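Visitor: Coordinates only, no sequence provided:
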């Protein structure tokens, strides 16, 4: 029993981080119908920005994180300007394909600049290890879950309570209508990419903090695929729920199925779950069912 | 005053939609454009409102002037901000997933002054029904309410010139009447209005000046009253006049003349 609770708790904590990754995908998808396959590279770039501020410049964590996020946001905006903006008005599919290529270019650039070796990554945060009788949640996991939830909340506030948020949601619905009422869709798209890269960067820093950072850390970003597909590509709440489901699935499989000899099965399990969900609900659990006439 | 001079517009570099349209919307008046489907009415408004880009359209000749300055090629955002011209697209351009309040706030996005709340109140005065629905998602309101919201949203941009693209589309006659009364009221408080309509009779009745658009050209223009009495207009756009059906080809006297306006 204790075992199960321990597993579920760990799953929920990592699930929050996955939810944040999913949110990064969802807000871009809502704004431009594009799936950002370069998410892993955004994650690595965000982590390296933080690395520079925190480990190289020795800034305190609560200064280094915002600075890292701002630079990640700026990098996201720059990438949007260079690669996505020329496609404004085209289908989301062309943007999606662009992000595939973008991923390769960014991965190679990171490898070129930072090398292929791992950087040790340990953030010196107050120890908040949760220990209740036999339950034990290590400090960095608790921080990861907590900070991800906070970041998720801040982004929800931004999207649902500020003038830019209203403009983002309006543009997501229809670029043409938004333009007709004086909303600058081009700027909004830039903003969306910046916010999304910040979101992914927070998740990236948390994930790097579990181990080390290298250009291959980006593989963790692929976790976002089952997250958003299970939750629904265009649902913000779905991203969080999807993240938690994937986190739980991973943890449960990790502690109950893998010991049976199926090593590495926990990386596959979310995709199997994804298949099952898609069979039952093709638009994901919370995705909008779209009616298309052909 | 808004003037369009010999405007030619093509879509995707090949489909020619406007073949030299010239017209004037005098300041403080309601100018009406009528025409059949495919005549180029919507394209004309898109061109004036700075919305051609999104639809892959290009102005290849001619000019659009507001006062003395050319707005050809400017973006809708600039045209709204600098020239106070707002284009209310056809088919009720409201954001379905936003509430009425959020819709109005979204339309006020380009503004930074503190009067947004006060302007919202003004919109609710024009359309009291919206006040009751302010927390509802726009997608769940009726067609008439959505059109009212769309007009309200355009007011949030503080326009001096308003372009309406078929505001009566798909609405019940009573609602249409109400909308037209409101458009008249907006005109009375000083807004210049360019109104595109299929409902030619109702539109010409509130209009001062009218234009008939056909195949991307203005084929006829005059005071609204005169157009209402014009035999061709009566027959082809008002569905009255002729005792027996004439063939489309021989009936149109105005088609034979080349016009240089």
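Guide: Great, that's in hand. This structure is a prediction, so every number in the text was calculated from the model and none was measured.
Visitor: Which element, helix or strand, includes residue B:5?
Guide: strand B:2-11 (DSSP states H and E).
Visitor: Partner strands of that strand, with direction?
Guide: Sheet pairing here is set by DSSP bridges, and for strand B:2-11 it gives strand B:15-25 (antiparallel), strand B:57-66 (antiparallel).
Visitor: which of these is buried the deepest?
Guide: Mean neighbour count (mean count of other CB atoms under 10 Å in any protein chain shown) peaks for strand B:15-25 among these, with a mean of 19. Where C-beta positions appear, they are placed from N, C-alpha and C, glycine not excepted.
Visitor: which ones are touching the closest residue to residue A:50 other than its chain neighbours?
Guide: Distances taken as CB to CB, 6 or more residues apart in numbering or on different chains put residue A:68 closest to residue A:50, at 3.4 Å, once the chain neighbours are dropped. By CB atoms under 8 Å, 6 or more residues apart in numbering or on different chains, residue A:68 lies in contact with A:46, A:49, A:50, A:51, A:52, A:53, A:54, A:201, A:205.
Visitor: quick check, nearest of those residues to chain B?
Guide: Each of the contacts of residue A:68 was scored against chain B by CB to the nearest CB, and residue A:201 proved nearest at 26.8 Å.
Visitor: was I right about the closest one contacting residue A:43?
Guide: Yes: the pair residue A:201 / residue A:43 is scored as a contact, 7.2 Å apart, by CB atoms under 8 Å.
Visitor: Can you check which of the strands paired with strand B:2-11 gets nearest to residue A:7?
Guide: Nearest to residue A:7 among the strands paired with strand B:2-11 is strand B:57-66; the distance by CB to CB comes to 58.4 Å.
Visitor: Give me the mean pLDDT for the closest one.
Guide: The pLDDT scores in strand B:57-66 average 92.
Visitor: Other residues contacting it?
Guide: B:1-11, B:13, B:17, B:20-22, B:43, B:46-48, B:52, B:70-73, B:79, B:83, B:85, B:161.
Visitor: Following element in sequence after it, please.
Guide: Later in the chain than strand B:57-66, the nearest helix or strand by DSSP H and E is strand B:69-70.
Visitor: List of residues touching that following strand?
Guide: Under CB under 8 Å, 6+ apart, the answer for strand B:69-70 is B:63, B:64, B:83.
Visitor: redo that, cut-off 10 Å
Guide: The contact list for strand B:69-70, computed with CB atoms under 10 Å, 6 or more residues apart in numbering or on different chains, reads B:5, B:63, B:64, B:82, B:83.
Visitor: Residue B:48 is in contact with the first one, correct?
Guide: The reference is to residue B:5. No: the pair formed by residue B:5 and residue B:48 falls short of the contact definition of CB atoms under 10 Å, at 11.7 Å.
Visitor: that older thread, list only buried entries from the contacts of strand B:57-66.
Guide: Using 16 or more other CB atoms under 10 Å in any protein chain shown as the burial test, those include B:2, B:4-5, B:7-10, B:17, B:20-22, B:43, B:46-48, B:52, B:71-72, B:79, B:83, B:85, B:161 as buried.
Visitor: Chain B: strands as residue ranges?
Guide: Remark: strands assigned in chain B by DSSP state E are B:2-11, B:15-25, B:30-35, B:57-66, B:69-70, B:85-88, B:161-165, B:192-197, B:209-214, B:217-223.
Visitor: any residues in contact with both of residue A:201 and residue A:43?
Guide: Residues within reach of residue A:201 and of residue A:43 at once, by CB under 10 Å, 6+ apart, are A:24, A:72.
Visitor: In chain B, which residue is most central in space?
Guide: residue B:164 (2.5 Å; CA atoms, centre = their mean).
Visitor: That residue bridge partners, please.
Guide: Counting by DSSP bridges, residue B:164 is bridged to residue B:88, residue B:195.
Visitor: And chain B, what are its domain boundaries?
Guide: Under the assignment automatic domain parsing, the domains of chain B span B:2-84+B:160-256, B:96-158.
Visitor: rank these by pLDDT, which is bottom?
Guide: The weakest mean pLDDT among the domains of chain B belongs to domain B:2-84+B:160-256, with a mean of 87.
Visitor: so what's the spatially closest residue to residue B:149 that is not a sequence neighbour up against?
Guide: Nearest residue to residue B:149, sequence neighbours excluded (CB to CB, 6+ apart): residue B:94, at 5.0 Å. Residue B:94 makes contacts with A:170, A:173-174, A:177, A:181, B:100, B:103-104, B:106-107, B:137-139, B:141, B:145-150, B:152-153, as judged by CB under 10 Å, 6+ apart.
Visitor: separation between residue B:94 and residue B:86?
Guide: 14 Å (CB to CB, to the nearest Å).
Visitor: pretty sure residue A:123 belongs to a helix, no?
Guide: No: counting by DSSP: H, G, I helix; E, B strand; the rest coil, residue A:123 is located in no helix; its state is coil.
Visitor: Compute the number of surrounding residues for the closest residue to it other than its chain neighbours.
Guide: Leaving aside its chain neighbours, residue A:123 sits nearest to residue A:209 (5.2 Å; criterion: CB to CB, 6+ apart). Neighbour count for residue A:209, taken as other CB atoms under 10 Å in any protein chain shown: 21.
Visitor: wait, isn't residue A:209 in contact with residue A:142?
Guide: No: the pair residue A:209 / residue A:142 is not scored as a contact, 11.5 Å apart, by CB under 10 Å.
Visitor: anything in contact with each of those two?
Guide: Taking CB under 10 Å, 6+ apart as the contact rule, residue A:209 and residue A:142 both touch residue A:125.
Visitor: before we move on, the earlier item: which residues are in contact with both of residue B:5 and residue B:48?
Guide: Shared contacts of residue B:5 and residue B:48 (CB under 10 Å, 6+ apart): B:23, B:64, B:72.
Visitor: Relative to residue B:124, which of these is nearest.
Guide: The closest of the shared contacts of residue B:5 and residue B:48, once distances to residue B:124 are taken by CB to CB, is residue B:64, at 33.2 Å.
Visitor: Just grab the bridge partners of the closest one for me.
Guide: With DSSP bridges applied, residue B:64 shows beta-bridge pairing to residue B:4.
Visitor: Now do the contacts for residue 237.
Guide: Chain wasn't specified; assuming chain A. Here residue A:237 is in contact with A:19, A:23, A:26, A:156, A:231, A:285, A:286 (CB under 10 Å, 6+ apart).
Visitor: try chain B instead
Guide: Here residue B:237 is in contact with B:34-36, B:197-201, B:203-204, B:210, B:212, B:220, B:227-228, B:230 (criterion: CB under 10 Å, 6+ apart).
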